[in-house]
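K.L.:
Just to be clear, the model below is a prediction. Sequence and coordinates:
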Amino acid sequence: MNKNPYDVLGVARDASDTDIKKAYHKLVMKYHPDKNPGDKSAEEKFKEINNAFDILKDPQKRAAYDRFGDAAFAAGNGASSGAGFGGNPFGGGFGFNMGGGAGMEDILREAMRGFGFDGFGAASGRNTSGPRAGRDLLDEVVIDLKDAFYGKTHTVKFSSNVACEKCHGFGTADGKSAPTCKTCGGSGFVHTRQGFFAVETPCPDCQGLGRKIDKKCSDCDGTGTVHKHRTLEVKIPAGIEDGARLRLAGQGEAGANGGPAGDFYLDVRVRPDKKFERRGNDLYQRIDVPFTTLAMGGEIEVATIDDKQLMVRVPAGTQVGEKLRVRGHGMPRSSSSFGDMYIDVVIRIPTKLSDKQKKALAEFDAAASDKKGWF
C-alpha cells in the first residue's frame, strides 16, 4: 500500500502548489542519498518523497488520489505506471477490475468524471478556451498605531504580468479573440482510443488553449500578457485594526484568453505603541498621579494619541488601579464616532525625601493614626 502523499510531504490536503514544492525541496535536501551514504532508511524515505511529489505535482494524479485514495494507483504508483491495460489511461496507474459487476464503460466514465470529464471525452467544466481570471497577489505592511488612527496611503512597488495593451490580452495581432481550435473543438484536449480506454492529451495545435492563434501579437508574442514594474497607491482607512486585509479588485495578475485580472490584497499589521495599548476601539495608558491629587482630588494633564493636551478631573479618594474614562478619545469607529481613552492610575513612590517632606509625612501619619488604609 502506498503511503499517503500528503503525510509523506507533511502538507495539508488543501496545500497550494507552492507549499507542496517547498516541502518537497526541503525533504529532498534532507534525505538525498549523497547526504546519507549507506543509509538504507534514508534511501527509502527519498523514494517515498519523490513518489509523493510525483502524485501531488500533477493535477490529474492528485485529483485521482483525492477521489479514490490508494485505489487510484492499484497497478503501482503513478510515478512508474504506464497507460497500458490495467493502468491509468491518463498516466496515473489507475487499476480496473475486469471481473466486477459494473461494465468497463461505466467504470471508465466514473474515472473520467474524477478528472473533470463526463463520458468518453465530453468535457465537464474543463474547457480551457474561455476567459480565465488571473492570480491574486498579496503583500504586507507594518504601520504605527498613530498611522492606524489617522489612516494613510501606502505605496506598493512590485512587478507582475499585466494584460497586453496592444492585443487586449488575447495574444492576437488584431486584438480580437482567437478562433476556436478546429482540432480539439475548443476543449484544449484531444482524445484517442486504446482498446477500451480513452487517452487524453493536450491539443498539439493550440497547446491546450482551446483557441488557435494564427498571427501572434508582436508585443506579447501571443501570450496576452507582458511583465511590468507596477506601483499601487493603497489607502489604509482610519481606525484599521491589526491583521486587517484590504482588497483592490482587478489589481492582481492579468487573466488568460481575455479573462479578468486577479485581485491585490494588502495585509496590515499595526506595530505596538510604547504609550498606548489598544483594545478594540479603546485606548489605555498608564499615568503617574501624585498621592495628594488622588487623596484630595484635582486635575492632571493627559496627552491623547492625536497630540492634544487634555485636563482630566481626578475625583477625591481615587485609588491606585482605578481607571479614569475619557470619552471619545480612542480609535475611530467611523468618520464621526470614536472609542474611549482610559487612564490606568498608578503612583510613583519617591526614593529620596527631603527633611521637610519627611516631617510633613510624619505629621500626616500622626494625624491619621486612628484611621486604617491610608497607605
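P.N.:
It's in. Remember, predicted model here, so these are calculated numbers, not experimental data.
K.L.:
all strands of the stretch 201-350 of the chain, in order?
P.N.:
Along the stretch 201-350 of the chain, counting by DSSP state E, counting those that start in this stretch, strands occupy 225-236, 244-248, 264-270, 277-279, 282-288, 298-303, 309-314, 323-326, 341-346.
K.L.:
Spit out the contact partners of the residue nearest to His227 when sequence neighbours are not counted.
P.N.:
Excluding its sequence neighbours, the residue lying closest to His227 (CB to CB, 6 or more residues apart in numbering) is Asn161, at 5.6 Å. Every residue, glycine included, has its C-beta placed from N, CA and C. Contact analysis of Asn161 by CB atoms under 8 Å, 6 or more residues apart in numbering lists Gly134, Thr225, Val226, His227, Lys228, Glu253, Ala254.
K.L.:
Identify the residues contacting the fourth one.
P.N.:
Contact partners of His227, counting by CB under 8 Å, 6+ apart, are Ser159, Ser160, Asn161, Val162.
K.L.:
now these: which count as buried?
P.N.:
Taking 16 or more other CB atoms under 10 Å as the criterion, what is buried in the contacts of His227 is Ser160, Asn161, Val162.
K.L.:
Which members of the residues you listed occur in strands, if any?
P.N.:
Among the buried ones among the contacts of His227, the ones falling in strands (DSSP state E) are Ser160, Asn161, Val162.
K.L.:
Which residue is the nearest non-sequential neighbour of the first one?
P.N.:
Nearest in space to Ser160, with sequence neighbours left out and distances taken as CB to CB, 6+ apart, is Glu253 at 5.0 Å.
K.L.:
burial of that neighbour, as a residue count?
P.N.:
Residues near Glu253, counting by other CB atoms under 10 Å, number 20.
K.L.:
just Cys167 next, same as before
P.N.:
Neighbours of Cys167 under the rule other CB under 10 Å: 26.
K.L.:
was I right about it contacting Cys217?
P.N.:
Yes - in this structure, Cys167 is within contact of Cys217 by CB atoms under 8 Å, at 3.8 Å.
K.L.:
Identify the contacts common to these two.
P.N.:
Common contact partners of Cys167 and Cys217 (CB under 8 Å, 6+ apart): Ala173, Gly175, Gly224.
K.L.:
hmm, which of those are the buried ones?
P.N.:
Listed as buried from the shared contacts of Cys167 and Cys217 are Ala173, Gly224; burial here means 16+ other CB under 10 Å.
K.L.:
out of the shared contacts of Cys167 and Cys217, which are inside helices?
P.N.:
Applying DSSP state H to the shared contacts of Cys167 and Cys217, no entry is found in helices.
K.L.:
can you redo the shared contacts of Cys167 and Cys217 as JSON lines with pLDDT and distance to Val320?
P.N.:
Listed next are those as JSON lines, based on pLDDT from 0 to 100; distance: CB to CB, whole Å:
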{"residue": "Ala173", "pLDDT": "91", "distance to Val320": "80"}
{"residue": "Gly175", "pLDDT": "88", "distance to Val320": "75"}
{"residue": "Gly224", "pLDDT": "85", "distance to Val320": "69"}
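K.L.:
any idea which helix or strand carries Lys356?
P.N.:
Per DSSP states H and E, Lys356 falls inside helix 355-367.
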